[in-house]
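Peer 1: Pasting the sequence and the predicted coordinates here, then a few questions.
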Amino acid sequence: MALAGGASEVLELHHLRYFQAIATSGSITAAAKLLHVSQPTLTVAVRNLEERLGTTLLLRERSGVRLTATGEELLRHAAEIFALVERAEQQVRGLEVEDAGRFIVGCHESLGAYFLPRFLAAFIRDFPRIELLLHNDSSAGIQRGVLENTVHFGIVVNPHPHPDLVMVELFEDAMDLFVCADAAVRPSMIPESRRPAMRVEKQGDVDLERAKARLHAGPLVFAGRIPQCRDLVDRLAADGLLPTRLLSCGDLELVKSLALEGIGVALLPRRVAAYGQEGRLARLHPALPFFPDTISLVYRADVHRTRAAMRVKDALIAYGKNIDAAPVSSRAAR
């Protein structure tokens with residue numbers, strides 16, 4: 001091992017160790033016995049150090065050797081260097097067998113808002129020496145980060161299969177249509193031409209017609225950059241259900257905030273609609289189109305399987321597979 005000392009000069013670590021042994025033992029003869037090497041080997045090592053540094057490190061006396069001022073300075077740095085090397089060796093060995101390390105966990109912000117708080121609270125309590133850093137991006141961006149080794153573990157919605165990745169399904173969700181539960185769907189929203197055809201005794205049909213009328217009234221609020229939203233908008237258009245007024249946002253949390261204020265019909269993942277706002281958002285109607293989602297843990301197949309890395313992986317899987325079902329109201333808005 002060598003330590004850089006200039007454009008073309010290096011300090012050999014074993015030469016530095018030889019110098020330290022000579023300096024602390026007080027003679028080349030004693031250091032040779034301690035290290036089980038020949039005296040000429042130590043003499044050459046010191047000479048190489050002196051040539052590299054352009055100084056005299058040792059003065060030879062009848063009783064042994066004496067350090068010069070530069071020799072004492074080098075000895076001080078040598079002690080720091082070898083202490084650092086020892087700490088590095090201990091920490092690297094520890095990463096293989098101890099619950100210690102640093103890992104990056106990635107997921108979309110809205111997914112992380114309901115998934116990460118309880119997970120992190122328990123994990124930090126149970127494994128205080130494992131540091132988890134968070135990275136937020138789209139699911140596609142998180143999967144790309146895992147492939148590029150910038151993210152260790154990704155919580156990804158509908159990941160695309162890849163030969164270099166392991167994908168473990170955790171739980172299900174769906175992109176669905178939501179309205180504020182306080183904003184009633186009134187019969188007046190149903191076009192006059194369609195009211196005579198409705199029979200009051202078919203309450204389910206009436207509810208569906210009211211839901212369709214509410215959807216047509218718009219606006220439809222959605223995060224335009226999210227693929228599932230775009231796919232569901234296309235499906236609504238194909239089914240003749242797309243309202244004329246569309247309000248595209250860049251973020252699911254903004255969509256949720258607008259929906260809570262009663263602004264239109266929102267496209268939201270069911271779990272995103274539910275967390276933190278129990279019962280305030282309701283599915284518009286269970287018979288209307290929705291887009292199913294699968295949330296998976298994604299990591300590289302060649303991940304370095306240290307003890308800590310496996311702790312993180314196993315904890316994410318256990319929590320994801322046992323996450324409480326988000327309490328989303330399945331009733332239609334009346």
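Peer 2: Arrived safely.

Peer 1: Leaving out the residues flanking it, which one is nearest to residue 59?
Peer 2: residue 66 (4.7 Å; C-beta to C-beta, 6 or more residues apart in numbering). C-beta: built from backbone N, CA, C; applies to glycine.

Peer 1: how close does the one you found get to residue 34?
Peer 2: Per C-beta to C-beta, to the nearest Å, residue 66 is found 18 Å from residue 34.

Peer 1: pLDDT at the residue nearest to residue 138 when sequence neighbours are not counted, what is it?
Peer 2: Ranked by C-beta to C-beta, 6+ apart and with sequence neighbours excluded, the top spatial neighbour of residue 138 is residue 108, at 6.1 Å. pLDDT, the model's per-residue confidence, is 93 for residue 108.

Peer 1: quick one, phi psi at residue 108?
Peer 2: Residue 108 has phi and psi values of phi -70, psi 150 when expressed as degrees, to the nearest 10.

Peer 1: The protein: strands as residue ranges?
Peer 2: Applying DSSP state E to the chain gives strands spanning 2-4, 10-12, 58-61, 64-67, 101-107, 130-136, 153-157, 165-180, 220-223, 246-249, 265-269, 281-283, 291-300.

Peer 1: rank those by pLDDT, which is bottom?
Peer 2: strand 2-4 (a mean of 51).

Peer 1: Report the mean per-residue pLDDT for the lengthiest helix in the chain.
Peer 2: Ranked by residue count under DSSP state H, the longest helix found in the chain is helix 69-97. Mean per-residue pLDDT for helix 69-97: 80.

Peer 1: any idea how far it is from the chain center?
Peer 2: Per C-alpha atoms, centre = their mean, to the nearest Å, the displacement of helix 69-97 from the mean C-alpha position of its chain is 32 Å.

Peer 1: For residue 143, see how far away the spatially most distant residue from the centre of the chain is.
Peer 2: When distances to the mean C-alpha position of the chain are computed (C-alpha atoms, centre = their mean), the maximum falls on residue 62, with 64.2 Å. Distance, residue 62 to residue 143, using C-beta to C-beta: 72 Å.

Peer 1: hang on, the earlier thing: and the residue farthest from the centre of the chain, what pLDDT?
Peer 2: You'll see residue 62 listed with a pLDDT of 80.

Peer 1: So the chain: which segments form each domain?
Peer 2: 2-97, 102-334 (automatic domain parsing).

Peer 1: And the closest residue to residue 312 other than its chain neighbours, how close does it get to residue 92?
Peer 2: Leaving aside its chain neighbours, residue 312 sits nearest to residue 103 (5.2 Å; criterion: C-beta to C-beta, 6+ apart). Residue 103 is 16 Å from residue 92, where distance means C-beta to C-beta.

Peer 1: Among those two, which residue is more densely surrounded?
Peer 2: residue 103 (19 against 9; other C-beta atoms under 10 Å).

Peer 1: can you tell me how far the more buried one sits from residue 134?
Peer 2: From residue 103 across to residue 134, the span is 10 Å (C-beta to C-beta).

Peer 1: Also residue 61?
Peer 2: Look at residue 61 and residue 134: by C-beta to C-beta, they are 61 Å apart.

Peer 1: ok, now residue 307?
Peer 2: Relative to residue 134, and taking C-beta to C-beta, residue 307 is found at 22 Å.

Peer 1: what's next to stretch 142-153, contact-wise?
Peer 2: Residues outside stretch 142-153 that contact it (C-beta atoms under 8 Å, 6 or more residues apart in numbering) are 103-108, 135, 137, 154-156, 159-160, 162, 164-165, 297-300, 303, 309, 312-313, 316.

Peer 1: So what would you say the end-to-end distance of it is?
Peer 2: 9 Å (C-alpha to C-alpha, to the nearest Å).

Peer 1: count of residues packed around residue 87?
Peer 2: For residue 87, the count of nearby residues is 10 (other C-beta under 10 Å).

Peer 1: re earlier: show me what the longest helix of the chain is packed against.
Peer 2: Under the contact definition 3 or more C-beta pairs under 8 Å, 6 or more residues apart in numbering; DSSP states H and E, helix 69-97 sits against helix 13-25, helix 39-53, helix 307-321.

Peer 1: picking up where we left off before, and the domains of the chain, which is most packed in?
Peer 2: domain 102-334 (a mean of 17; mean count of other C-beta atoms under 10 Å).

Peer 1: Distance of the spatially closest residue to residue 272 that is not a sequence neighbour relative to residue 290?
Peer 2: Residue nearest to residue 272 in three dimensions, not counting chain neighbours: residue 110, with 4.9 Å by C-beta to C-beta, 6+ apart. From residue 110 across to residue 290, the span is 17 Å (C-beta to C-beta).

Peer 1: With residue 51 instead?
Peer 2: Note on residue 51: its distance to residue 290, by C-beta to C-beta, is 76 Å.
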